[in-house]
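Visitor: I would like the atomic coordinates for the input below:
(2 chains)
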Number of protein chains: 2
Amino acid sequence: MSQTLVPDAVPTADAMRDRLARAKEASRATAGLTSDDKAAALHAIADALVAHRDRILAANADDLARGEREGLASALLDRLLLDDARIGGLAAAVRDIAALPDPIGQVVRGHRMPAGAALEEVRVPFGVVGAIYEARPNVTVDIAALALRSGNAAVLRGGSAARQSNTVLIDVMRAALDAQGITPDAVQTVDDFGRDGARSLMHGRGFIDVLVPRGSAGLIETVVAESTVPVIETGAGIVHIVLDETAPEDWARDIVVNAKVQRPSVCNAVETVLVLRAAAERLVPGVVAALRAHGVTIHGDETVQRLVPGVVPATEEDWATEYLALEIAIRVVDTLDDAIDHIRAYSTGHTESIITTDQVRAERFLREVDSAVVMVNASTRFSDGGEFGFGAELGISTQKLHARGPMGLAELTSTKWLVRGAGQVRR
Amino acid sequence: MSQTLVPDAVPTADAMRDRLARAKEASRATAGLTSDDKAAALHAIADALVAHRDRILAANADDLARGEREGLASALLDRLLLDDARIGGLAAAVRDIAALPDPIGQVVRGHRMPAGAALEEVRVPFGVVGAIYEARPNVTVDIAALALRSGNAAVLRGGSAARQSNTVLIDVMRAALDAQGITPDAVQTVDDFGRDGARSLMHGRGFIDVLVPRGSAGLIETVVAESTVPVIETGAGIVHIVLDETAPEDWARDIVVNAKVQRPSVCNAVETVLVLRAAAERLVPGVVAALRAHGVTIHGDETVQRLVPGVVPATEEDWATEYLALEIAIRVVDTLDDAIDHIRAYSTGHTESIITTDQVRAERFLREVDSAVVMVNASTRFSDGGEFGFGAELGISTQKLHARGPMGLAELTSTKWLVRGAGQVRR
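Guide: Reported below is the predicted structural model:
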């Protein structure tokens, strides 16, 4: 992890344990809140964020100044930056989450058991949601709001680059909860414990019900490898588009361009295009020209280099790279099997799409590609909680346990089984 | 773990990696099998178990003889024992699993996305299911059959006490698959790698999609703490029944007796009874007498000792003990809050029940007790996959991620999202 020990931390196992125990206790209170209570609390948080704008901006200015002194890259400084518009956006996002249907109490399934007792599976909060994430301070508010809407308490460990901003944001949210008569321990940070804070979350069995890492592949890998509490892995996206022999030229061009350039820095942006050899001559020049018109650098294999001039020769490393930038890798493959094998070898299991008018090959691709989202004739940019109709998104899960693909509020819940009998015993 | 290194193992990292890679490859084949294919394969396995009865019994006799030499407890020897009837039972269980509805391909939810593409979430196999378990050889067949029915490959690590039995059972199942034209690598063991085999499953990221430990609390704890692959924790049950002030005498007696004595060795058997003080005098003597009539030893707190003679004084340790035997702990509490606090402190989160005719207190118990299954006026013995209508049971999950409570075939699956578009790009 890129996080460093906060110098003024005085970590003690007891103090951390106490904090986690208070989160657990608070989660019993948040689990009992009505949907109306939770919505009111979130609106109070949104109001408070706007009301305390100046304090938040001052803390953020400190973080930015420190970041500049420490030579943080300008892209990272931009992600760290808060301004009036972004604080307004934060508050609006919290109000959007307040407006989402409450998943808690939803009856998932149920029936009468053979002996006559009524059986119901109902949605309940996890309890305490832990999060370990990097520089963006908006994640602090996002995760707290999603956790609260779904009846959970949250314990947060943010990036040290955003330390001052996060401290004030959490302080503002806690005060807003307190004013609503909700225990402020429902939102806590372990930032002041530095690395030990992250460790206490990863090893917080009995206190942390689920841990969500958000950030670089390295951070996620560390959390998955070290945690003894259940983790939901939100993953990097080495996303592929396959241009089949029958791919219409306009769909191929428009979908690849949209998937690459509409927002290149996000995980559902395409990174590698695989072109069937029979269609390479017909499709590659047009797709490359359209990408270049948007400033995209092309890394290509030998066939691509032969078909269009000025292509950067692609290396093995390119197939395994998530550029998150205006760069793309293009490879020509002989068969659909080769395309699927390439995806198996290099995909992170996030999203893949095929452009084809061949129904048999389309269905085969949907069946055989083992990724969270598999598409035919659509831009990979649709792989998104908002587009899927979830209203808010916690991230995109690339694991198979519990949640796969875009995660909404329901993915921050568990269930329990209720049995209502009248004296039944088992024969 | 109680497992010891198999003396003839020649573990090499490469050989293990190769075996896991073959499981992954096999899982692509099993994922593509139709429901009919899978049912036919399971019937072939059931036939083969019966046909190779003599070989299985001979191997089992070797395990039993070794167990006796090594001084295995008679209860463990009984769990290890296979005979004609138990092999018949194994085959019948496999045929029952073959008859279950196939979860794979089930459409969980779906709708048209705003831009017009069709979105579907469909059930898919996990891929490779790993299992680490203790002495009972029937678990070997059970888990393999459940994994295959749900389109998964299985890699098994059984207890060393059942080594010969497991080797032959796996051999018989693999031959049956082979004869059906299904790759035998869909069912594999790492028993020959000893402890390194278990370690290879726990650290098999990229190969093992989910790992299921089954056995003692110690084994489960080890697997959860050490694994870097996702684990489904199937847990021990310190199960409680609360006798409320309004509990009818006959329900209190019949349910406690049923929950304790119908099958004391299983995880949904009650271990602790909490009696509200206002009902103690009315209920305790009758419940104790009924339990004693079935040979149950009573551990009681001071009030219980005062109400009935001959009670073993309960210690702190009793509240934290899963007896799995004809023993029970009884404690008198002042309020429903005290009962819920006791459950919070000592429960493993498996199953709890309250006996009451007070609707308000019943609903409060259902809401506030945070266990996988919470009941009113029913025996905890109903906390079971068969009773819940799942047809087969992989175990009872006491974790909150992915699966909670009794797990059926659907809990051995993940989902993926399919998008079928017609050239859609994101605006």
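
Visitor: which elements pack onto the one helix or strand A:Ala252 maps to?
Guide: Element membership for A:Ala252 (DSSP states H and E) is helix A:249-261. In terms of contacts (3 or more CB pairs under 8 Å, 6 or more residues apart in numbering or on different chains; DSSP states H and E), helix A:249-261 is packed against strand A:239-243, strand A:270-276, helix A:277-293, strand A:351-355, strand A:373-378, strand B:413-424. From N, CA and C alone the C-beta is placed, and that goes for glycine too.

Visitor: now the angle from the last one to helix A:249-261?
Guide: Using axes from the mean of the first three to the mean of the last three CA atoms, to 10 degrees, the interaxial angle of strand B:413-424 with respect to helix A:249-261 works out to 120 degrees.

Visitor: and strand B:413-424, anywhere near chain A?
Guide: Yes. Contact of strand B:413-424 with chain A (CB under 8 Å from any CB of the partner chain) involves B:Ser414, B:Thr415, B:Lys416, B:Trp417, B:Leu418, B:Val419, B:Arg420, B:Gly421, B:Ala422, B:Gly423, B:Gln424.

Visitor: distance check, the residue nearest to A:Arg112 when sequence neighbours are not counted against A:Gly110.
Guide: If the residues on either side of it in the chain are set aside, A:Arg112 comes closest to A:Ala118, at 5.8 Å by CB to CB, 6 or more residues apart in numbering or on different chains. Distance from A:Ala118 to A:Gly110, counting by CB to CB, to the nearest Å: 7 Å.

Visitor: sorry, back to before: and the contacts of the helix holding A:Ala252?
Guide: A:239, A:241, A:243, A:268-270, A:273, A:282-283, A:286-287, A:290-291, A:294-296, A:326, A:328, A:353, A:355, A:377-381, B:423, B:425-426 (CB atoms under 8 Å, 6 or more residues apart in numbering or on different chains).

Visitor: buried subset of those, written for ChimeraX?
Guide: ChimeraX command restricting the contacts of helix A:249-261 to the buried ones, with burial defined by 16 or more other CB atoms under 10 Å in any protein chain shown:
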select /A:239,241,243,268,269,270,273,283,287,290,291,296,326,328,353,355,377,378,379,380,381 /B:423,425,426
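
Visitor: picking that back up, how about the helix holding A:Ala252: buried residues?
Guide: Here helix A:249-261 shows A:Trp251, A:Ala252, A:Arg253, A:Asp254, A:Ile255, A:Val256, A:Val257, A:Asn258, A:Ala259, A:Lys260, A:Val261 as buried, counting by 16+ other CB under 10 Å.

Visitor: still on that earlier bit, now the residues of strand B:413-424 next to chain A in CSV, with pLDDT?
Guide: CSV is the format used below for the residues of strand B:413-424 next to chain A (pLDDT from 0 to 100):
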residue, pLDDT
B:Ser414, 97
B:Thr415, 97
B:Lys416, 97
B:Trp417, 98
B:Leu418, 98
B:Val419, 98
B:Arg420, 98
B:Gly421, 98
B:Ala422, 97
B:Gly423, 97
B:Gln424, 98
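
Visitor: could you chop chain A up by domain?
Guide: A:13-234+A:408-418, A:239-382 (automatic domain parsing).

Visitor: tabulate the ones you listed (TSV), appending distance to B:Val210.
Guide: Compiled in TSV, the domains of chain A are given as follows (distance: least, CB to CB, whole Å):
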stretch	distance to B:Val210
domain A:13-234+A:408-418	12
domain A:239-382	14
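
Visitor: of all those domains, which one comes closest to B:Ser200?
Guide: Nearest of the domains of chain A to B:Ser200, taken as CB to CB: domain A:13-234+A:408-418 at 15.5 Å.

Visitor: which single residue of the stretch 1-150 of chain A ends up nearest chain B?
Guide: As assessed by CB to the nearest CB, chain B sits closest to A:Ala117 within the stretch 1-150 of chain A, at 4.8 Å.

Visitor: thought that residue was touching A:Gln424?
Guide: Yes. Counting by CB atoms under 8 Å, A:Ala117 touches A:Gln424, with 5.0 Å between them.

Visitor: show me the common contact partners of these two, please.
Guide: B:Asn377, B:Ala378, B:Phe382.

Visitor: show me what the second one is bridged to.
Guide: When bridges are taken as DSSP bridges, the partners of B:Ala378 come out as A:Gln424.

Visitor: gap between it and A:Glu121?
Guide: Distance from B:Ala378 to A:Glu121, by CB to CB: 16 Å.

Visitor: what does the strand or helix carrying A:Ala61 rub up against?
Guide: If you go by DSSP H and E, A:Ala61 is part of helix A:53-69. Helix A:53-69 has contacts (CB under 8 Å, 6+ apart) with A:49, A:76-77, A:80-84, A:87, A:137, A:161-165, A:167-169, A:172.

Visitor: count of residues packed around the residue of the stretch 101-250 of chain A found nearest chain B?
Guide: Chain B sits closest to A:Pro230 of the stretch 101-250 of chain A, with a gap of 4.1 Å, by CB to the nearest CB. By the criterion of other CB atoms under 10 Å in any protein chain shown, A:Pro230 has 22 neighbours.
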